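**Student:** One predicted model, sequence on top.
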Amino acid sequence: QKEVEQNSGPLSVPEGAIASLNCTYSDRGSQSFFWYRQYSGKSPELIMFIYSNGDKEDGRFTAQLNKASQYVSLLIRDSQPSDSATYLCAVNMRSSGSARQLTFGSGTQLTVLP
Amino acid sequence: NAGVTQTPKFQVLKTGQSMTLQCAQDMNHNSMYWYRQDPGMGLRLIYYSASEGTTDKGEVPNGYNVSRLNKREFSLRLESAAPSQTSVYFCASIGTGLYEQYFGPGTRLTVT
């Protein structure tokens, strides 16, 4: 079982719709959770982070964390074609060798159709 | 990629050749990281440096060595390249908070 799992997709949504991206993790003691956007051929860019159970909103992005169920999700409202990218989930797992190590999922490819 | 630079951007090596990937950051961060990314996969940690003068192995360190030359620079060396090391390599630096994360533009390495 992978430590951080994401549906690889591809996920396609029409422009203006809500895109929902999900991530599950194995270490129940994980403390912090991150979402990155990676355009094709580019480096990852951190777009959201969340530490506490519940929702965190930033513009069109909402991160949701449920530690009891060990999942974290990213909602993108009013999706735009420019949101088409691969979205990576990363977790700061308690079991890692250092408090500053992150474990990444394999990413979900999102396509927003005009 | 403001603040984190990597050289070279592209490199082709023959099996057995050696090379060093360079990374530098100008944000005064203590922590620096080297990752590799293979097609359809996320980032896997090769080595990291929590502070100047310290380095530690990550998930996939075999075949690599690192040097934290000073607070700004963190290099990754392949002593004897193998085709399995064909990948995209990203350097990252992290600030005081884990939310202060920045990645370099990447080095695309092909080993034939």
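**Tutor:** Cool, got the structure.
**Student:** did I read that right, residue B:15 in a helix?
**Tutor:** No: counting by DSSP: H, G, I helix; E, B strand; the rest coil, residue B:15 falls outside a helix, being coil.
**Student:** who's residue B:89 bridged to?
**Tutor:** residue B:36, residue B:107 (DSSP bridges).
**Student:** Retrieve the pLDDT associated with the residue of chain B found nearest chain A.
**Tutor:** Residue nearest to chain A within chain B (C-beta to the nearest C-beta): residue B:42, separated by 3.5 Å. Quick note: C-beta positions are derived from backbone N, CA and C, even for glycine. On pLDDT, residue B:42 comes in at 86.
**Student:** neighbours around it, how many?
**Tutor:** 23 (other C-beta atoms under 10 Å in any protein chain shown).
**Student:** Spit out the contact partners of it.
**Tutor:** A:4, A:6, A:88, A:90, A:104-107 (C-beta atoms under 8 Å, 6 or more residues apart in numbering or on different chains).
**Student:** I'd like to know how far it sits from residue A:11.
**Tutor:** Going from residue B:42 to residue A:11 by C-beta to C-beta, to the nearest Å gives 16 Å.
**Student:** Where does chain A get nearest to chain B, which residue?
**Tutor:** Closest residue of chain A to chain B, C-beta to the nearest C-beta: residue A:104 (3.5 Å).
**Student:** Quick check: that residue touching residue A:2?
**Tutor:** No: counting by C-beta atoms under 8 Å, residue A:104 stays clear of residue A:2, with 10.1 Å between them.
**Student:** out of those two, which sits in the busier spot?
**Tutor:** residue A:104 (24 against 12).
**Student:** May I have the beta-bridge partners of that one?
**Tutor:** Taking DSSP bridges as the rule, residue A:104 bridges to residue A:90.
**Student:** Chain B contacts on chain A?
**Tutor:** By C-beta under 8 Å from any C-beta of the partner chain, the residues of chain A that approach chain B are A:4, A:6, A:8, A:32, A:34, A:42-46, A:49, A:88, A:90, A:92, A:97-98, A:100-102, A:104-107.
**Student:** filter those to the buried ones?
**Tutor:** Neighbour-count burial (16 or more other C-beta atoms under 10 Å in any protein chain shown) is assigned, among those, to A:4, A:6, A:32, A:34, A:43-46, A:49, A:88, A:90, A:92, A:101-102, A:104-107.
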